[in-house]
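Student: starting from these lines, generate the structure:
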Amino acid sequence: MPELRQAQLSDHGAIVTRVQEWWGDSRTPEQARELSLLLPKLFLQFFSGTSLVLEDEAGIRAFLVGFHSPDDDTEAYIHFVGVDPALRGQGTARRLYTAFFQRAAEAGRTEVRAITSPGNTGSIAFHRAMEFTLEPGDRLVDGLPVHSDYDGPGQDRVCFLKRIGR
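Tutor: The predicted structure is shown next:
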């Protein structure tokens, strides 16, 4: 079983490589590369203490990049999660999220937020299974509350909230 540990700045290159490999089956190489751009080095430079890695003898098998809000001491945010396709459906992401929740609660955080695109049905189902609530948006798409242009023109998102540590 992979070992859970705090992420390190030195993990950045391996994580970017994993994103490009793990999403390569569902995206073109260019799209997978663009997705990896959501993880600039600064996330591990400034938030390695709140980010997690699952690793075994084969290397990094899963990761969660998240942080505690510097502006609101009640909130934490999960920015990006990746799981080796060979480990999907085995509770790996649940293990990462649970560890993140525990650490955030220990730091006094009471809310965790996350976002995904409206078309990412797997992510939406996972967050619902993890007992996140869907935050109201400005419109509904296929019954989902969507925040239009959340990340810029045409970049709609579904926003999640989970209360923890109570």
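
Student: got the contact list for the longest helix along the chain?
Tutor: Counting residues, the longest helix in the chain under DSSP state H turns out to be helix 92-106. Taking contacts as CB atoms under 8 Å, 6 or more residues apart in numbering, the residues outside helix 92-106 that touch it are 2, 4, 50, 52, 54, 61-64, 66, 68, 76, 78, 81, 83-84, 112, 126, 130, 162, 164-165. C-beta: built from backbone N, CA, C; applies to glycine.

Student: now list the buried members of these.
Tutor: Neighbour-count burial (16 or more other CB atoms under 10 Å) applied to the contacts of helix 92-106 gives 2, 50, 52, 54, 61-64, 66, 68, 76, 78, 81, 83-84, 112, 126, 130, 162, 165.

Student: just the ones in helices from the residues you listed, please.
Tutor: By the criterion of DSSP H, membership of the buried ones among the contacts of helix 92-106 in helices covers Phe126.

Student: looking at the buried ones among the contacts of helix 92-106, which are in strands?
Tutor: With strands taken from DSSP state E, the overlap with the buried ones among the contacts of helix 92-106 comprises 52, 54, 61-64, 66, 68, 76, 78, 81, 83, 112, 162.

Student: list the contacts of Pro118.
Tutor: Neighbour list for Pro118: Ile124, Val141, Asp142, Leu144, Val146, Asp156, Arg157, Val158 [criterion: CB under 8 Å, 6+ apart].

Student: is it located within a helix, as I assumed?
Tutor: No: using DSSP: H, G, I helix; E, B strand; the rest coil, the assignment for Pro118 is coil, not a helix.

Student: what residues are up against the closest residue in space to Arg139 that isn't next to it in sequence?
Tutor: By the measure of CB to CB, 6 or more residues apart in numbering, the closest residue to Arg139 outside its immediate chain neighbours is Val146, 5.5 Å from it. Neighbouring residues of Val146 by CB under 8 Å, 6+ apart: Pro118, Gly137, Asp138, Arg139, Leu140, Asp156, Arg157, Val158.
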